[in-house]
Every structure is written in structure tokens, then in C-alpha cells.
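Visitor: pasting the sequence and the predicted coordinates here, then a few questions.
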Amino acid sequence: MANTDSLNVRVFSLNCWGIRYISKHTTQRYAMIGELLSKEEHDIVLLQEVWSEKDYLSLKKKLAHCHPHSHHFKSGVIGSGLAIFSKHRIRDTFLYRYSLNGYPYMAHHGDWFGGKAVGMAVLKLGSLTANVYVTHLHAEYCRDKDSYLPHRVVQAWELQQFVRHTSAGADVVILGGDLNMHPEDLGSRLLMSYTGLRDSYLESAKFDGCEDGMTLIADNPFIGKGSIGPFKKGIRIDYILFKGSSKTDIYCDFMSTTKGSAPDHAFPYSDHEALTAALRVEAHTPSETQRDGQRSSQNRDAAAGKTAGLVDMVTEARTEVKVGLHCAERMRCTATRTGAMGLALLFLELAIAAVPWLALGAEQPFPRTSFYLLAALCFAILVTTALLYVFYSMELKSLQGAEDQMRLAVGGLQEQLRGSAVAQPHAGQRGAPEGREPGALSPEEGNRVPLVDPLK
């Protein structure tokens, strides 16, 4: 393959932990982050947990000379926390907010108020079009009893759908952010297998950073003892993922992470470690790849094996979503019963209040203050359970929608497998479809009407 063009792209990603009045040393750390980005020659900067507009504007002003183009994605009650800074002009942006994102009554976790989402920016890298994504998924607070697992699986499912459907015409696809998932977790496997995205840590020719690429390390002074669960040294939950197209090949020449405390400072940039990936994009003409019949045959064989693995993965994801469905149904029933009890008590109070009207001269059997307090309690129970009923109904609809999509996807994948088996004897006669990267599924292939439903 003869290269016609080559481009180097340096990508930076960091969860800034920028919760004002809660996160430690926020002002100093943002100044340190701005200083780091001003010195380093990054083409694209992807930040998460930039909750404050004031902090974003401060960074924008400080980075104006090196990253003149930027965008802050807004969502939820306090914002999505997602921001992108770029040397290259941002042609277009879009934000997709995940349909599920925790529970509003779990205020101490705060994920629901953050409006977790995925932000997309379309950049022009020379003659190439790049779709750049930044995201932050729901946190994992307890690995053994993870009540948020169905939500995070649905978020990963929606993320891969969003990337596949919006990146079809892109020459370069880059995704960075805090996925809150280990590399072997279901959501990570589903995302990378379905989209064809590659992990820069695994693909890098050279690495310099924390052991095993960990991005949440035990030595970080901002990390609580329970944040990394049973993992003594740390975990890897932040990623820079990438893929090319039929027109481009992408390689990761170098990747690095920060290693705890920043140079000349007593504390690190954040509770997460920062990631930097040096990507090399090589362009080629699609016809050169299509003429390589042996390579096309190998790609088809690999795609068939990958599709079989995807069937198992999506089926596993459906199982997790079904667990979430049962839990949401149970919680909605509990809210209904509690609301019925509150309504019965309220009717009882109304009956007691009517005694003096029905029996002339009779006195109120309860003290007035206690009567009003009990009435207020019943009313509060009714309002709270009504809101919870509405919330759990919305959760059920989102989970059911995701499960239906996965059921359709399983059927489509099984149909694709049968088609591959029939076409295998004639594999050498056809090349890979133009405009698609070998091994990645098109949006249509992932959403055909099913013929077989293994979980039905």
C-alpha cells in the first residue's frame, strides 16, 4: 500500500474532578492543567467534569493561543462537564444525553444531576474529516453489588450506537473520556467490538506511565480507600480510542499517563491520571485495499468470528438489562403500595375531620397540631411516591427500549452470520464494501429484524 498522506495527531484526555466547593484545590489544579496544556503540543484536548462555566472560560482564555477552538457541552442540572479544545477548527458539534443516568434520590452520588452524555465535534484535519467524541459514563461505586450496572450497560450501548451512526462518513474517529469501566467489563467489550474502536494503550508502540496503564491509582491523595475496590494498586477506566476508515490507517506511536503528583507541586492535576496518545494517520486510496484479495478474505473470516462474539456479548447485555427491568418494576410496585397507604391515611384523616360536621357538638378527637402534621406527612408521601412512580416508569421505558434494540441487533447479527456462512465458498470473488473499515459493523447490519431470539 502506497501512502499518499501522513498526519500526526496528539490527543489529551483528563477527568478534571472540578466540583466547586467539594473537590480539593480546584482553583490551583485548573491553573496547573492550563499551564500543562499551554506547554504541551496537543492537537485535541478532551476534558471531563468541567462542571463550572467559570472554570471553562478561564481555561478557554488561557489556551486561546494554542487551542483557539473550543466547545463546552451543556446538559442536565449542573451541566455535562464535557469540554473540547482544539488546534483545528471545529466545524460542527452535537450532544447526546444518555437515557439512563442513576437516581435523583442518590444525591450523594450526584451522577443524575450531572446529565451524563457524549459530545461530538467534527474537525477538519488537513484534507481528512475527523469525528471526535468525549464522554463520561456513570460511576461504579460498588463492584460487588453494582446497582448501576444496567444503567452503565445501556449507556455503553447508546454510546456505540451514537458513534456508529454518526461516524459513517468520517475518515478518522477518536473517542476519549472516563468510561468508568475496566477493559474486560461488558460495556467496554461491547463498545470496542461493535464500533471497531481500538484502545491506544493496547495499540501503542511505546508507553510511559502508570503500571498497566492505570488511571485511578492508590497513591493519588485525592482517592478514597473505597474508590478502587478490591484493586490494591489502581484501575484503568479512562481511555483514548480510535479507528480509521477505508481511506485511512491509524497507528498509536506513543502513549503516556501522568504519575501522581504534578512536577513542582504537592498534589496531582486531578483524582484521575491524564492520558496522552500520539496518533499517526496514513491516508491511502480505497482501490488499493480492494485489490488485495487475500487481505479481504482474511478480513471476512475475522469479521465472521467477531460477529459470533458480538452475539454472545449482546445477549449478555440483554441479561443485565433484564435484571435492571425486574429491579425497576419492583421499585415501582413498592412506590405504588406506599402511595396507596399514604392515600388511605389521608382519607382516614378526612373522615376524622368530618366527625364534628356529622355529629353536631362533637369535638375533634385529635389535637389540632398533630392532626395537621399527620396530614402534611400523608401529603408528602403521596407527592414523593407519585414522583418516584413517574421516574421508575421512565426508567422502565428506557430499559425496555434498549432491550428491544438489543433483541433486534442479535437477530441481525445471526442473520449476518448465516449469510457469511453461505457466501464463504465465494469469498474470493468479492472485496470489502467501499467506505467501511474491515471488521466494523455498519448501522444497518447491527439493527436488522431478528429471526431468532435466544432469550425469548
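Guide: Received the coordinates, thanks. It should be emphasised that the depicted structure is a prediction, and the values quoted were computed from it without experimental measurement.
Visitor: quick one: contacts for the residue nearest to the spatial centre of the chain?
Guide: The centroid of the chain falls nearest to residue 137 when counting by CA atoms, centre = their mean (3.7 Å). By CB atoms under 8 Å, 6 or more residues apart in numbering, the contact set of residue 137 is 98, 116, 152, 155, 156, 159, 177, 178, 179, 180, 181, 187. Glycine gets a C-beta too; all of them are placed from N, C-alpha and C.
Visitor: can you pull the phi and psi angles for the second one?
Guide: Read it as residue 116. phi -60, psi 140 (degrees, to the nearest 10).
Visitor: residue 134 is in contact with that one, correct?
Guide: No: using CB atoms under 8 Å, residue 116 makes no contact with residue 134, being 11.7 Å away.
Visitor: circling back: which of the contacts of residue 137 fall in strands?
Guide: Cross-referencing the contacts of residue 137 against strands under DSSP state E gives 177, 178.
Visitor: pull out the buried residues from the contacts of residue 137.
Guide: Listed as buried from those are 98, 116, 152, 155, 156, 159, 177, 178, 179, 180, 181, 187; burial here means 16 or more other CB atoms under 10 Å.
Visitor: can I get the contacts of residue 137 in a markdown table including pLDDT and distance to residue 35?
Guide: Putting the contacts of residue 137 into a markdown table (pLDDT from 0 to 100; distance: CB to CB, whole Å) gives the following:
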| residue | pLDDT | distance to residue 35 |
| --- | --- | --- |
| 98 | 96 | 33 |
| 116 | 91 | 28 |
| 152 | 96 | 34 |
| 155 | 97 | 33 |
| 156 | 97 | 34 |
| 159 | 98 | 32 |
| 177 | 97 | 22 |
| 178 | 97 | 22 |
| 179 | 97 | 27 |
| 180 | 95 | 27 |
| 181 | 96 | 31 |
| 187 | 96 | 34 |
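Visitor: can I get the contacts of residue 137 in TSV including distance to residue 9?
Guide: Shown next, in TSV, are the contacts of residue 137 (distance: CB to CB, whole Å):
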residue	distance to residue 9
98	27
116	26
152	29
155	26
156	25
159	21
177	17
178	21
179	21
180	25
181	24
187	26
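Visitor: ok, so of the contacts of residue 137, who is nearest residue 258?
Guide: For these, the minimum distance to residue 258 (CB to CB) is 14.4 Å, reached by residue 178.
Visitor: need the contact list for the closest one.
Guide: Going by CB under 8 Å, 6+ apart, residue 178 touches 15, 48, 49, 135, 136, 137, 237, 238, 272.
Visitor: beta partners of it?
Guide: residue 136, residue 238 (DSSP bridges).
Visitor: regarding residue 253, what is its secondary structure?
Guide: What DSSP: H, G, I helix; E, B strand; the rest coil gives for residue 253 is strand.
Visitor: tell me, how many residues neighbour it?
Guide: Counted by other CB atoms under 10 Å, the residues lying close to residue 253 total 14.
Visitor: also residue 92?
Guide: Applying other CB under 10 Å, we find 10 residues neighbouring residue 92.
Visitor: mind checking the SS state of the closest residue to residue 208 other than its chain neighbours?
Guide: Take residue 208 and drop its neighbours on the chain: the residue closest to it by CB to CB, 6 or more residues apart in numbering is residue 256, 4.4 Å away. Taking three-state DSSP as the rule, one finds residue 256 in the strand state.
Visitor: if I've got this straight, residue 387 is in a helix?
Guide: Yes: assessed with three-state DSSP, residue 387 lies in a helix.
Visitor: residue numbering should commence at 5 henceforth.
Guide: OK, 5 is where the count begins now, so the last one is residue 391.
Visitor: let me know the distance separating it from residue 343.
Guide: Counting by CB to CB, to the nearest Å, the separation of residue 391 from residue 343 is 10 Å.
Visitor: quick one, which of those two is more surrounded?
Guide: Neighbour count, other CB under 10 Å: between residue 391 and residue 343, residue 343 has more, with 18 against 13.
Visitor: tell me where this structure has helices.
Guide: All helices of the chain, identified by DSSP state H, fall at 30-43, 57-66, 115-118, 153-170, 190-199, 204-207, 290-294, 297-357, 359-362, 372-427.
Visitor: for these, which one ends up most surrounded?
Guide: Comparing those by mean neighbour count (mean count of other CB atoms under 10 Å), helix 153-170 comes out on top with a mean of 24.
Visitor: can you name every helix or strand that it contacts?
Guide: Applying 3 or more CB pairs under 8 Å, 6 or more residues apart in numbering; DSSP states H and E, one finds that helix 153-170 makes contact with strand 94-101, strand 121-129, strand 132-140, helix 190-199, helix 297-357, helix 372-427.
Visitor: about what we covered before: which of the buried ones among the contacts of residue 141 lies closest to residue 145?
Guide: Nearest member of those to residue 145, counting by CB to CB, is residue 184, at 9.8 Å.
Visitor: how about residue 399, what does it touch?
Guide: The neighbours of residue 399, taking CB under 8 Å, 6+ apart as the test, are 104, 328, 332.
Visitor: what's around the first one, how many residues?
Guide: For residue 104, the count of nearby residues is 25 (other CB under 10 Å).
Visitor: next, it: phi, psi?
Guide: When read as degrees, to the nearest 10, the backbone of residue 104 gives phi -120, psi 140.
Visitor: any idea how far it is from residue 219?
Guide: In this view, residue 104 and residue 219 are 24 Å apart by CB to CB.
Visitor: isn't residue 253 up against residue 286?
Guide: Yes: between residue 253 and residue 286 there is a contact under CB under 8 Å: 4.8 Å.
Visitor: who has more neighbours out of these two?
Guide: Set side by side, residue 253 and residue 286 show more neighbours around residue 253, with 18 against 15, by other CB under 10 Å.
Visitor: mind checking pLDDT for the more buried one?
Guide: Residue 253 carries a pLDDT score of 94 in this model.
Visitor: measure it to residue 176 for me?
Guide: Residue 253 sits 10 Å away from residue 176, going by CB to CB.
Visitor: got any residues that touch both of those two?
Guide: Residues within reach of residue 253 and of residue 176 at once, by CB under 8 Å, 6+ apart, are residue 285.
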